[in-house]
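S.K.: curious how this folds, go ahead:
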Amino acid sequence: MNVLDFSVQTMNEETVSLGRYKGKVLLIVNTASKCGFTPQFTDLQKLYERYQEQGLEILGFPCNQFEQQEPGNNKQIAQFCQLNYGVKFPVFAKTDVKGTNANPLFRYLCQEIPFAGFDESQSSGRLLHMFLQEKFPETLLDNSIKWNFTKFLVDREGNVVGRYESPVEPMDMEIPIQNLL
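M.R.: A predicted model of the protein is given here:
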């Protein structure tokens, strides 16, 4: 089993197989429009424009599980991404990424590459760790998604090869992406 074996819902609530991305390098991201990490949409779009022709696909999955930072419906989310960040990569239907109702794709991603902590040498990693430790300490005890803009890198065969926590900037993943392309 790998990522290409999963199906997901589009913004129009149609079911599509991720098998359609066979042969592509994927960057799968849980997103939110009202998060401190939302400006990462800018660099995600830059990566998409720079590498799409070489086989990169970025797949966005809006989620409202982290302090209700994605309150909109699918139409509102799509408009927000397009109008504010010029997002042209696929953004799928709003979904849960953790807990009992978690999308099976995200359960699989977290199982394939467990949570290894935040880079606390960076202030954003240190701050997110402190915030979660104070407000949601139980989330630090498992391998689930910790916050919006957790990113998973998937090779052309559908194997999960990297997990990048929320504070990791998209451009910091450019070399690993280039290596897979």
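S.K.: could you use CA atoms for every contact and neighbour count after this?
M.R.: Will do.
S.K.: quick one: contacts for the residue minimising distance to the centre of the chain?
M.R.: Nearest to the geometric centre of the chain sits Val29, at 1.1 Å (Cα atoms, centre = their mean). By Cα atoms under 8 Å, 6 or more residues apart in numbering, the residues touching Val29 are 58-61, 149-152.
S.K.: repeat the analysis, applying 10 Å as the threshold.
M.R.: Val29 is in contact with 44, 58-63, 91, 106, 148-153, 163-166, counting by Cα atoms under 10 Å, 6 or more residues apart in numbering.
S.K.: same check on Lys146?
M.R.: 65-66, 97-98, 115, 117-118, 128-129, 132, 136, 139-140, 165-166.
S.K.: cutoff 7 Å now
M.R.: By Cα atoms under 7 Å, 6 or more residues apart in numbering, the contact set of Lys146 is Thr139.
S.K.: got it, and Thr139?
M.R.: With Cα under 7 Å, 6+ apart, Thr139 has these contacts: Lys146.
S.K.: quick one: mean pLDDT over the one helix or strand Leu27 maps to.
M.R.: Using DSSP states H and E, Leu27 sits in strand 25-31. Computed over strand 25-31, the mean pLDDT rounds to 98.
S.K.: that strand pairs with which strands, and in what direction?
M.R.: Here strand 25-31 is paired, per DSSP bridges, with strand 56-62 (parallel), strand 151-154 (antiparallel).
S.K.: turn these into a markdown table, including mean neighbour count and mean pLDDT.
M.R.: Shown next, in a markdown table, are the strands paired with strand 25-31 (neighbours: other Cα atoms under 10 Å; pLDDT from 0 to 100):
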| stretch | mean neighbour count | mean pLDDT |
| --- | --- | --- |
| strand 56-62 | 24 | 98 |
| strand 151-154 | 24 | 98 |
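S.K.: checking the residue of the chain most remote from its centre next. Helix, strand or coil?
M.R.: Residue farthest from the centre of the chain, counting by Cα atoms, centre = their mean, is Glu134 at 23.9 Å. Under DSSP: H, G, I helix; E, B strand; the rest coil, the three-state class of Glu134 is helix.
S.K.: good, we can wrap up now.
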